[in-house]
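Participant: Attaching a predicted model along with its sequence, questions to come.
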Amino acid sequence: MSGFPMLFPLLAILLWAGNVVVSHLSAHTIDPFAITFWRLVLAVGLMSLFVLPGAWRNRRLIKAHAPRLAFLGFLAMALFQCLSYQAAHTTTATNMAIMTSLAPLLTMLLSVLLLGEAPTLGMLVGGVMSFGGLVYLISAGNPFLLISGGVHTGDVLMLLAAASYALYGVLLRRWQTGLPSWQSTYIQAICAMVFMLVLVLRLPAAAAWPNRASLPLIAYAGTLASVVLPFFWMQGVKLLGPNRCAMFMNLLPVATAAIAVGWFGEQLHGYHLIGGGVALAGVLLAQLWRQPLPGRLGVAV
C-alpha cells in the first residue's frame, strides 16, 4: 500500500503523454484555436456537474479574484494549449514531451526571479545541463547547425509553451485565492473558454467547427486530459507533496516516445537519448540538489 499514492501522478503522466500524441494527431485535422476552444467547452460542461454548486456559493470570493483567475486560465489553458497544438505542425511528439518536461526547472528559475526564493546550486548546474542537452536535441546532435540553419519553429513554440506553464505555476503559488483547487481550475477554464471564443469567431466556419476526424481528439482532450488528469495529479500532490510529484514529469518523454514510436513510427536517434537525457538529468538535479547559493535574488509580483 505504500506505493499506492504513486499511481496517481504516474497515471496523470500517462494521460499527459496521450495528450501530447493527441496534439500531434490534431496538427492536420483541426485548427489549434478550434481544438483548444472545444476541449474547454467539453471540460467546463463536465466540471459544471460537480463544481458549479460550490463555485456559486463562493461567487463573492471568485469575483474578488476574477482578474487573476482569468490570467491564470489564459496562461495554462489557452496560451499553453494553443502553442502546443501549433508546435505539433513542425516538431515531433518526442520533442514536444521533452520541452514540456522542462517546465519544473523553468518554474524554479522563475520562482527565484518573481518570488525571491533562494537560488540553489542544483538550479545553476541543472540549468546549464538542461540548456546544453536542449541545444544538442534540437540541433539533431550538431549544435553548429543552429548558427546556419536555426531551429525548428515547433521546438521554439513548445519551449514558449513550457515557459508559459512555468509562469502559471509560479503565479498560482503567489496569488493565493483561498478557493478549492477544483473551483479555481473551473473558473480558469471558463475564462480561457471565453478568450478562445473570441479567437474562434474570427475563423472561417469550416475551420471553427469540429469534423469527424477531430471529434475523438476533442473527446480525449476535454475529458481525460482536462478532467481526469487534473484529478489524478491533485490526488498525487495531496498524498505525496508537490516536489515528489514534479519528479514524475521526467517520465513524460519516456511515455510519449514509447507511444510515438509505436503509433507514428517516429524514430529514436542518439541525439534524442543524449540531448533529452542530459536535459532531464538537469531538471532532476535541480529538484534534488537544494544547497543554496549565497545571496538572494528576485522581485515581488
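Facilitator: Arrived safely, thanks for sending. Numbers count the residues shown, from 1 in each chain.
Participant: show me where pLDDT drops low in the protein?
Facilitator: Filtered on pLDDT under 70, the chain yields the residue ranges 1-2, 145-151, 294-301.
Participant: mind checking the longest helix of it?
Facilitator: What stands out as the longest helix in the chain, according to DSSP state H, is helix 32-57.
Participant: Give me the distance between that one and the centre of its chain.
Facilitator: In this view, helix 32-57 has its centroid 18 Å away from the chain centroid, taken as C-alpha atoms, centre = their mean, to the nearest Å.
Participant: pull the CA atoms of the helix or strand that it is followed by into PDB?
Facilitator: For helix 32-57, the following helix or strand on the C-terminal side (DSSP states H and E) is helix 59-64. The C-alpha coordinates for helix 59-64 follow below in PDB (Å, rounded to 0.1, in the frame of the first residue of the first chain):
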ATOM      1  CA  ARG A  59     -19.100  33.600  -6.000                       C
ATOM      2  CA  ARG A  60     -18.000  36.700  -4.000                       C
ATOM      3  CA  LEU A  61     -14.500  35.300  -3.500                       C
ATOM      4  CA  ILE A  62     -14.400  34.400  -7.100                       C
ATOM      5  CA  LYS A  63     -15.400  37.900  -8.100                       C
ATOM      6  CA  ALA A  64     -12.700  39.400  -5.900                       C
END
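Participant: what is the orientation angle of the following helix or strand past helix 59-64 with helix 32-57?
Facilitator: Proceeding N to C from helix 59-64, the next assigned helix or strand is helix 66-73, under DSSP H and E. Per axes from the mean of the first three to the mean of the last three C-alpha atoms, to 10 degrees, the angle that helix 66-73 makes with helix 32-57 is 140 degrees.
Participant: Helix 66-73: what's the following helix or strand?
Facilitator: Using DSSP H and E, the first helix or strand after helix 66-73 is helix 80-87.
Participant: Report the distance from that next one to the chain centre.
Facilitator: 10 Å.
Participant: Tell me the helices and strands packed up against whichever helix or strand comes after it.
Facilitator: Using DSSP H and E, the next helix or strand after helix 80-87 towards the C-terminus is helix 93-100. For helix 93-100, the elements it packs on are helix 7-26, helix 80-87, helix 121-138, helix 153-174, helix 252-263, helix 270-288, judged by 3 or more C-beta pairs under 8 Å, 6 or more residues apart in numbering; DSSP states H and E. The way it works is simple: take the backbone N, C-alpha and C, and place the C-beta from them, glycine included.
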